[in-house]
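Trainee: Sharing a model prediction with you, sequence too.
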Amino acid sequence: MKRYILVTVLVLVSASSLAQSKQTSVRSNELVNLNRLHAHVVPNCSRAVMAHHGWADFDRTKQVEVSGIIIESKYENPHAFVRVRSDQGYWAIELSAVPRMRRHNITSEMIKTGTRVTLVGHPHKKRAREMKAIKMVLNGKTFDLTS
């Protein structure tokens with residue numbers, strides 16, 4: 001969390017420094033446009049930075065195992081994602097970041113709709129049937145999603 005706040009502060013400082021350095025060399029209407037840009041970019045950048053929460057929303061003291069069929073998958077940053085239909089109901093499961101998935105040779109084709117999968121992970125603290133996976137079993141092969 002500290003890292004994301006630092007990025008936001010750096011963006012604010014950079015944009016403010018740019019605005020101050022341009023004050024003497026631009027006409028007033030250009031300065032107004034720069035300030036509008038600053039007012040729009042900084043809040044949106046902050047929102048995007050804070051949206052990536054990591055493990056904070058998941059209870060790392062508990063583990064859940066879910067087996068079923070993938071009914072939806074996304075193989076994109078910041079994290080791959082699958083929705084699984086299991087005997088326990090429908091689960092929304094966050095996987096690893098795509099570069100980590102690639103390091104383990106897990107492709108988008110391997111987690112496509114219709115694939116049988118077993119996932120072990122930490123449940124969401126507030127939302128039922130949502131978890132962050134730490135291990136995935138596909139076609140009898142186990143993948144560690146944390147390394």
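Mentor: Noted; the coordinates are in hand.
Trainee: then the lengthiest strand in the chain to CSV, C-alphas only?
Mentor: Taking DSSP state E as the criterion, the chain has its longest strand at strand 64-74. Taking C-alpha atoms only, strand 64-74 is exported to CSV below (Å, rounded to 0.1, in the frame of the first residue of the first chain):
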residue,chain,number,x,y,z
VAL,A,64,-10.5,-23.0,0.5
GLU,A,65,-10.4,-25.7,-2.2
VAL,A,66,-12.8,-25.4,-5.2
SER,A,67,-13.1,-28.0,-8.0
GLY,A,68,-15.3,-27.5,-11.0
ILE,A,69,-15.6,-26.3,-14.6
ILE,A,70,-14.4,-22.9,-15.8
ILE,A,71,-17.3,-20.9,-17.1
GLU,A,72,-15.5,-17.6,-17.7
SER,A,73,-11.8,-16.7,-17.9
LYS,A,74,-9.7,-13.6,-18.5
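Trainee: Mind listing the strands it pairs with, and their directions?
Mentor: strand 81-86 (antiparallel), strand 116-123 (antiparallel) (DSSP bridges).
Trainee: Export those strands to JSON lines and append columns for mean neighbour count, distance to residue 71 and mean pLDDT.
Mentor: For the C-beta atoms, the positions are set from N, CA and C on the backbone; glycine is no exception. Below are the strands paired with strand 64-74 laid out as JSON lines (neighbours: other CB atoms under 10 Å; distance: least, CB to CB, whole Å; pLDDT from 0 to 100):
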{"stretch": "strand 81-86", "mean neighbour count": "19", "distance to residue 71": "5", "mean pLDDT": "98"}
{"stretch": "strand 116-123", "mean neighbour count": "20", "distance to residue 71": "11", "mean pLDDT": "98"}
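Trainee: of these, which approaches residue 108 most closely?
Mentor: strand 81-86 (10.9 Å; CB to CB).
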